[in-house]
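>>> What shape does this take:
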Amino acid sequence: MKKIILIVIDGLSDRPISQLKNKTPLEAAKTPNLDFLAKNGICGQIKPFLYHTAIPTSEDTHFALFGYDVGIYRIRRGVLTVMGTGMKMRPGDVALRGNFGTVNAKLNMIDRRAGRISKTEPLVKELNGLVIDGVKFLIKKAAEYRVGIILRGENLSSKISDGDTHYGKLGKKIQKIVPLDKSFKANRTAKVLNKFIDKAHQILKNHPLNKKRKKSGLPPANYLLVRGASSFLKRIPSFKEKYGLKACCIAGKPLYKQIGEILGMDLINVKGATGLSNTNLKGKIQAVKNALKNYNFIFLHIKAADSLAEDGNFFGKKEFIEKIDKSIKSLLKLKNVLIVVTADHSTCSELKRHCSELIPLLIYGDGKNGVQKFSEMDCQKGELGKIKQINLMKEILKYGRLC
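Numbering: from 1, shown residues only. Below is the predicted model of the structure:
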């Protein structure tokens, strides 16, 4: 039985970019170590899992990588973000994930992340504890520009739309929350939440921190974009229950740690693992090697390629992919280990958002199929063909000789 290392390079794949000679950042990057794995492994492509959106989301695709259908378990981003902040939900609560964003006077979206603002504590303090129509809003800072939000009160429902124009064009007018069914609870929740968002906007646009940001030429964090309304999670079978594997998670960002924790994986924290482009890649790879002593499945998440693409920084994405490639060199010497490299979804640098392009996949450690380079185009030639993301674990277990 081989031990398995699953390396998820968030937002790895992309579309060709003219400034990179019509190559993607992955194709343009110098990746001798990833190419070695591809030449000596089995390659293919993954069709990203889509549930309630036309464009893949981080939470849906990560659960799918592990063989979990978010539709069955009713997993949405709100409850994951809230859990990641340490807040505790009660029966009847509704959880949301929020972004501090920037809108203009006409409520047109200017920046979904308010310049990736990170010091949001003064803004959170002003909004936390507001009560509207008997509903209390509990808000706590999450990573960077994000917040976890709990609605606590009577007759609430998670059957409401997103207010975050997550994949809309910049300049588009902000959406109002609407009920997704005809129930009294959904109608009440949508109305109360719209009132809260309007009030929050008035507070935020007049906050001294945002006035200071405007004077400094920075986008003000003057609006809350919310999405992923959710209630209590249904019980989810653990990764060990599902596959009989003792698993651990090595990640920098809270969302991915939270997913690992929900699936019963042990969390291994690495000093300096930030999820940003300056993350401690060397430390994370060393943690992977150390973990092989105690675990037979290791989930390594690497974030920054996604964030760089969302900022339109395709040169930065290319350079970060090259940093990843250098960092994994020592993994090539491991024996009796299956190394799987893929992504959760594509992130298109020119669109500055997630996109639905197919995702490259390599499985190293059991046969090879003649692919010469790890890239979007080359992986099309691999013998794995195109597989559904929800079926990835079946392929991994097959090549790991575990089933």
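>>> what about the residue nearest to the spatial centre of the chain, distance to Y51?
Per C-alpha atoms, centre = their mean, the C-alpha nearest to the average position across the chain is that of S58, at 3.3 Å. Remark: distance between S58 and Y51 (C-beta to C-beta, to the nearest Å) = 12 Å. From N, CA and C alone the C-beta is placed, and that goes for glycine too.
>>> Also F196?
Taking C-beta to C-beta as the measure, F196 falls 27 Å from Y51.
>>> Compare neighbour counts for those two and give me the winner.
Neighbours were counted for F196 and for Y51 using other C-beta atoms under 10 Å; F196 has more, 23 against 17.
>>> So what does the more buried one have for phi and psi?
The phi/psi pair for F196 (degrees, to the nearest 10) reads phi -60, psi -50.
>>> nearest residue to it other than its sequence neighbours?
Excluding the flanking residues, the one nearest F196 by C-beta to C-beta, 6 or more residues apart in numbering is I132, at 5.2 Å.
>>> In this structure that neighbour contacts V192, no?
Yes: I132 is within contact range of V192, at 5.5 Å (criterion: C-beta atoms under 8 Å).
>>> Comparing those two, which shows the higher neighbour count?
Comparing I132 with V192 by other C-beta under 10 Å, the one with more neighbours is V192, at 22 against 17.
>>> Secondary structure class of the more buried one, three-state.
helix (DSSP: H, G, I helix; E, B strand; the rest coil).
>>> quick one: contacts for it?
Applying C-beta atoms under 8 Å, 6 or more residues apart in numbering to V192 gives the contacts I132, D133, V135, L151, G153.
>>> In strands, which of those appear?
I132, V135, L151 (DSSP state E).
>>> Pull up the gap between the first one and A200, please.
I132 sits 10 Å away from A200, going by C-beta to C-beta.
>>> residues shared between the contacts of the two?
With C-beta under 8 Å, 6+ apart, I132 and A200 have no common neighbours.
>>> quick one on the thing from earlier: what's the pLDDT at the residue nearest to F196?
We have a pLDDT of 97 for I132.
>>> what sits against it?
Each residue near I132 by C-beta under 8 Å, 6+ apart is listed here: V192, K195, F196, K199.
>>> go with 6 Å
V192, K195, F196 (C-beta atoms under 6 Å, 6 or more residues apart in numbering).
>>> For K2, state which of these is nearest.
K2 lies nearest to F196 out of these, by C-beta to C-beta, at 51.2 Å.
>>> In CSV: the contacts of I132, plus distance to M393 and pLDDT.
Formatted as CSV, those follow (distance: C-beta to C-beta, whole Å; pLDDT from 0 to 100):
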residue, distance to M393, pLDDT
V192, 40, 98
K195, 44, 98
F196, 40, 98
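>>> E126 in helix, strand or coil?
The local conformation at E126, judged by three-state DSSP, is helix.
>>> List the buried residues of the helix or strand bottoming out on mean pLDDT in the chain.
The weakest-scoring helix or strand in the chain, judged by mean pLDDT, DSSP states H and E, is helix 70-73 (a mean of 83). Using 16 or more other C-beta atoms under 10 Å as the test for burial, helix 70-73 gives V70.
>>> Could you do stretch 110-117 as well?
Applying 16+ other C-beta under 10 Å to stretch 110-117 flags I110, D111, R112, R113, A114, G115, I117 as buried.
>>> Check the chain for its longest strand and report it.
Using DSSP E, we find that the single longest strand of the chain is strand 94-103.
>>> and the gap between I203 and R146?
Relative to R146, and taking C-beta to C-beta, I203 is found at 18 Å.
>>> So for these two, which sits in the more crowded spot?
For I203 versus R146, neighbours defined as other C-beta under 10 Å are more numerous around R146 (22 against 15).
>>> since we're on the residue nearest to that one when sequence neighbours are not counted, how many residues are nearby?
Leaving aside its chain neighbours, R146 sits nearest to N99 (6.0 Å; criterion: C-beta to C-beta, 6+ apart). Around N99 there are 23 other residues, counting by other C-beta under 10 Å.
>>> just checking, N99 touches Y223?
No: the criterion here is C-beta atoms under 6 Å, and N99 misses it with Y223 at 8.6 Å.
>>> quick one, what contacts N336?
Applying C-beta under 6 Å, 6+ apart to N336 gives the contacts K2.
>>> Give me the phi and psi for the closest residue to H345 other than its chain neighbours.
Of all residues not flanking H345 in the chain, P56 sits nearest, at 3.9 Å (C-beta to C-beta, 6+ apart). Backbone geometry at P56, expressed as degrees, to the nearest 10, gives phi -60, psi 140.
>>> pretty sure D325 is in a helix, no?
Yes: assessed with three-state DSSP, D325 lies in a helix.
>>> residue ranges for the strands of the stretch 1-150 of the chain, please.
Ranges of strands within the stretch 1-150 of the chain are 3-9, 41-47, 94-103, 109-111, 131-132, 135-141, 146-152, based on DSSP state E, counting those that start in this stretch.
>>> now for those, which one comes closest to S231?
Nearest to S231, of all those, is strand 94-103, at 6.1 Å by C-beta to C-beta.
>>> Quick one: residues in contact with the closest one.
For strand 94-103, the external contacting residues (C-beta under 6 Å, 6+ apart) are 77-79, 81-82, 109-112, 114, 117, 120, 145-147, 149-151, 156, 158, 174, 219-221, 223-230.
>>> Now do P48: how many residues are near it, please.
Using other C-beta under 10 Å, P48 is surrounded by 24 other residues.
>>> which residues touch it?
P48 touches P56, T61, H345, Q389, counting by C-beta under 6 Å, 6+ apart.
>>> List phi and psi for the third one.
Backbone torsions of H345, given as degrees, to the nearest 10, read phi -160, psi 170.
>>> That one and S356 touch, don't they?
No: using C-beta under 6 Å, H345 is not in contact with S356; the gap is 7.9 Å.
>>> okay, those two: which has more neighbours?
A count of neighbours by other C-beta under 10 Å puts H345 above the other of H345 and S356, at 28 against 15.
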